[in-house]
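pasting the structure only:
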């Protein structure tokens, strides 16, 4: 049963479920008849190229019809796309929190990058105090990259767990979570100020205060690769392939035109 | 320093340019992000759609695949075109170098009658045909002996008499069993089977043997590098390989292997069987839901399992006079008197064997009884289980382009109208539905065949005249209960419709195109039936077993040891010759005398009820057929007089007590009579100088017009073109 909680098993299960749900949703929200006709017409023009291959005007005319037919087909697929794009995107963003990166391994140095909103705030950053839990230690002094309005700190974790890194002067301090160890914790690579949409896609932490001089705080978590026959693959590609395969199977079983 | 900026995997997929945008300090307006998402969807559809799940992902991948494949095809066609042209040039020189026309368009209007056409033209109803008449040619076109479509169209395409193409009727006679078989093609299942328990799995291909011999003239054109589009010319099943595209016509079987078996699903109990081409299937009604089935082919993998069936459900709603149908995965609603579209019919035989067909449902009645007519199950043109086109992809191409269409050779269900399963309107709706499909195919072929031959045969003219001639006659037995003033103008409408089609075709052609409109035969009334077997019986040529006064179908109860002559099919009369027929008794030296005796006895035979001549000519086969297959012909060809034809029983080898009787069936017009009485029609856009053109001349004429040498075995003679306008 432990296998079921492995990243590979999760991706397989999620892909199957998403494949099924999305195909059903596509079936209900699309004009199945029109899609069927559009696909058939495309196939017909493809066959015409083959059947009348000695007649160049027919071949070129068919090619033009294929391009037009493709446009018509994409247009028909666009409506169901609108229905599924928001839930599927949100779902994938959330899955990415767990499967996109691995926690920082114990004893492995990592970088904490704090970016100021402008060069005027760099002084504030230079004065800032980094309050670290005992399990996290700084291995090198902070580096100020003025051109990028950033300060980069190299840290290392000594014990598994989720910790809060506190920074800033007293009363104005902000925190950033960091996960040390292994497993499948929910990881937030960055904490942001404002930027609602960016936070939806990138962050799993509350927004920084609007009047904070910090633009973002990020940690360079390593990417997680899922091992498939000795080849490391990002979960999103695997999900893409498996959900397509699942979709293909379910569309056949359910008789839905895609 | 590595910058992830939190965009993570999503950014990786969205591409490097998008990634750069996200890596710069984040935009301060959420609107910009929204805009980004939408733009990403539009500009990077493959990736964005991939994110939107497999449905849209498939759509995008399919689209790109389609474009990719099309591009490859086009690239291949463009790159290899000069080489192919060069190859052709070297092989055949310039295919069109000696051609009088760039293109020949031949429209076959099966059964168009020259006298009716002339009459309607004189009445001003056929302006486009009149234009052809005035500008080019209008003439009678001599037909074949006998004047039957498969015979005449075989002669049309091969340029030879039936003795060289081997088609004498729809049916031919097995001289061993005295039973009929289809004359045009023989279909045999795979020879080898693997037995697994109760299953017997066929191993190998279905064999389809063409019985029609001779070479269609489009093969000669193809050999010379001239492309042809050939649509629904009769007796082109199985399709043969040549340079061009071909969709088979008359003689293509249905999925059961018959020439058309309709199905009447009904809650009415009846033990009656249809005499012609149909089966009655019960509808079971339970809790307001009706269930029935469509019979399919025999189970090919399970011995003795009988036919495979496709079950379906009907949910009648008497309040709105409609019913909801559930057929496999397809659901549709029909009102009473309405046809469905073509519905996919899959017959699963087990072990993964599925036969693919299409059929249409027609809701006849909903209350108090429920009755549904189902057309014969046609071979699915989009998924043909038997080859019905050359190349095989041509039928698929047409199905993808226009949707499913009738593939059965005799697609208009004349039997159902004969049996009163369909009424006039339902039959016409079906026939014209098929006709419209055919028109679409023709115009597509015209668009695709700018050089070469384009030929298409329309059966509508034949079927509608067969079924509605009763309204043309003053006193046809099949329409005596309808006052003459109320007779619908069906045939007149038909001719006008065909004329409008000609008009649209004329808009598509220029002076470098020769347009020919031909028919294989004309039409006459079929008011009286003659049972030739009854005449043979009463005149001592055919004997029944002791105590019998009539026989069953196919000579049941015929005493062959005392029978000298018999008939089956429409015009053929056979002698029971010793050494040829299994139970033959006529000595070879008696044959000629017997032929003469029968010719004398039948020629000029008078119908005692009307006093008119029922048979105007009896032709000895040896005098009209020449060629290697003439031994397969009947011994005598019977030419019935106008108004007469072989009776329904006589065609099926049945001996009845009565020789002459009224024909009260809807099938009320016919052409299977003396060929001299039913010539076909010839119209052309350019004038031909020919006093008595014949259908056998069409093939040599076309070859000559394309500058090709005529094969020596041709029986037809090319016509002379008067002059070309430019």
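Great, that's in hand. Keep in mind it's a predicted model, so treat the numbers as computed, not measured.

SS state for the spatially most central residue of chain B?
Centroid check for chain B by CA atoms, centre = their mean gives residue B:409 as the closest residue, at 2.7 Å. At residue B:409 the chain is in coil, as set by DSSP: H, G, I helix; E, B strand; the rest coil.

pLDDT below threshold where in the stretch 151-258 of chain A?
The model of the stretch 151-258 of chain A has pLDDT under 70 over residues A:170.

that should have said chain B, apologies.
Ranges of chain B meeting pLDDT under 70: B:1-71, B:73-74, B:77, B:88-93, B:724-726.

contacting residues for residue B:176?
Contact analysis of residue B:176 by CB atoms under 8 Å, 6 or more residues apart in numbering or on different chains lists B:581, B:582. Any C-beta I mention is one placed from the backbone N, CA and C, and that applies to glycine too.

strands along the stretch 101-250 of chain A, start to end?
With DSSP state E, counting those that start in this stretch as the criterion, the stretch 101-250 of chain A has strands at A:109-116, A:130-131, A:136-145, A:150-157, A:161-167, A:174-180, A:190-192, A:214-219, A:225-228, A:231-234.

just the angle between the first one and strand A:136-145, please?
When you say that, I think you mean strand A:109-116. Relative orientation of strand A:109-116 versus strand A:136-145 (axes from the mean of the first three to the mean of the last three CA atoms, to 10 degrees): 50 degrees.

hang on, residue A:26 packs against residue A:80?
Yes: if you go by CB atoms under 8 Å, residue A:26 and residue A:80 touch, sitting 4.7 Å apart.

residue A:142 reaches residue A:150, doesn't it?
No: Residue A:142 sits out of contact with residue A:150 when judged by CB under 8 Å, with a separation of 9.9 Å.

got the phi/psi numbers for residue A:5?
With angles defined as degrees, to the nearest 10, residue A:5 sits at phi -100, psi 10.

got it, and residue B:144?
According to degrees, to the nearest 10, residue B:144 has phi -100, psi 170.

now check stretch B:429-446, is it near chain A?
No: Stretch B:429-446 is not in contact with chain A by CB under 8 Å from any CB of the partner chain; minimum separation 9.0 Å.

next, the buried residues of that stretch.
Within stretch B:429-446, the residues that count as buried by 16 or more other CB atoms under 10 Å in any protein chain shown are B:430-435, B:437-439, B:441-442, B:444-446.

look at residue A:26 and residue A:80 and report which has more neighbours.
With neighbours defined as other CB atoms under 10 Å in any protein chain shown, residue A:26 and residue A:80 compare such that residue A:26 has more, 29 against 24.

gap between the more buried one and residue A:250?
As judged by CB to CB, to the nearest Å, residue A:26 and residue A:250 stand 10 Å apart.

find residues that contact each of these two.
With CB under 8 Å, 6+ apart, residue A:26 and residue A:250 have common neighbours residue A:256.

hmm, who's touching stretch B:706-722?
B:96-101, B:104, B:159-161, B:164, B:215, B:220-221, B:224, B:226, B:626, B:686-690, B:693-694, B:696-701, B:703-705.

give me the buried entries from these.
If we count by 16+ other CB under 10 Å, those have these buried: B:96, B:99, B:101, B:104, B:159-161, B:164, B:215, B:220-221, B:224, B:226, B:686-688, B:690, B:693-694, B:696-701, B:703-705.

helices - which of those land there?
Those of these mapping onto helices are B:164, B:220, B:221, B:698, B:699, B:700, B:701, B:703, B:704, B:705, per DSSP state H.

OK, contacts around the first one?
Counting by CB under 8 Å, 6+ apart, residue B:164 touches B:158, B:213, B:214, B:626, B:627, B:628, B:629, B:713, B:715.

number of residues surrounding the residue nearest to residue B:674 when sequence neighbours are not counted?
Spatially, and ignoring its direct neighbours in sequence, residue B:674 is nearest to residue B:639 (3.0 Å; CB to CB, 6 or more residues apart in numbering or on different chains). Other residues lying near residue B:639 total 24 when counted by other CB under 10 Å.

which stretches in chain A count as helices?
Under the criterion DSSP H, chain A contains helices at A:7-29, A:32-51, A:56-99, A:122-127, A:196-202, A:235-254.

tell me which other helices or strands the first one touches.
For helix A:7-29, the helices and strands in contact under the criterion 3 or more CB pairs under 8 Å, 6 or more residues apart in numbering or on different chains; DSSP states H and E are helix A:56-99, strand A:225-228, helix A:235-254, helix B:54-92.

which bits of the stretch 151-258 of chain A sit near chain B?
So far as CB under 8 Å from any CB goes, the stretch 151-258 of chain A lies against chain B at A:152, A:189-190, A:192, A:194-198, A:201-203, A:215-216, A:218, A:220-221, A:234-236, A:240, A:243-244, A:246-248, A:251, A:255, A:258.

which of these are buried, as a ChimeraX select command?
In ChimeraX syntax, the buried subset of these is picked out as below (16+ other CB under 10 Å):
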select /A:152,189,190,192,194,195,197,198,201,202,203,215,216,218,220,221,234,235,236,240,243,244,246,247,248,251,258
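
quick one, domains of the chain?
All of this refers to chain A. Annotated domains of chain A cover A:2-100+A:229-254, A:109-222 [automatic domain parsing].

um, chain B though
Taken from automatic domain parsing, chain B resolves into B:8-52, B:100-161+B:212-252+B:409-522+B:680-708, B:258-385, B:527-677.

could you measure the residue of the stretch 551-700 of chain B at minimum distance from chain A against residue B:153, distance?
Scanning the stretch 551-700 of chain B for proximity to chain A using CB to the nearest CB identifies residue B:685 as nearest, at 22.9 Å. Per CB to CB, residue B:685 is found 22 Å from residue B:153.
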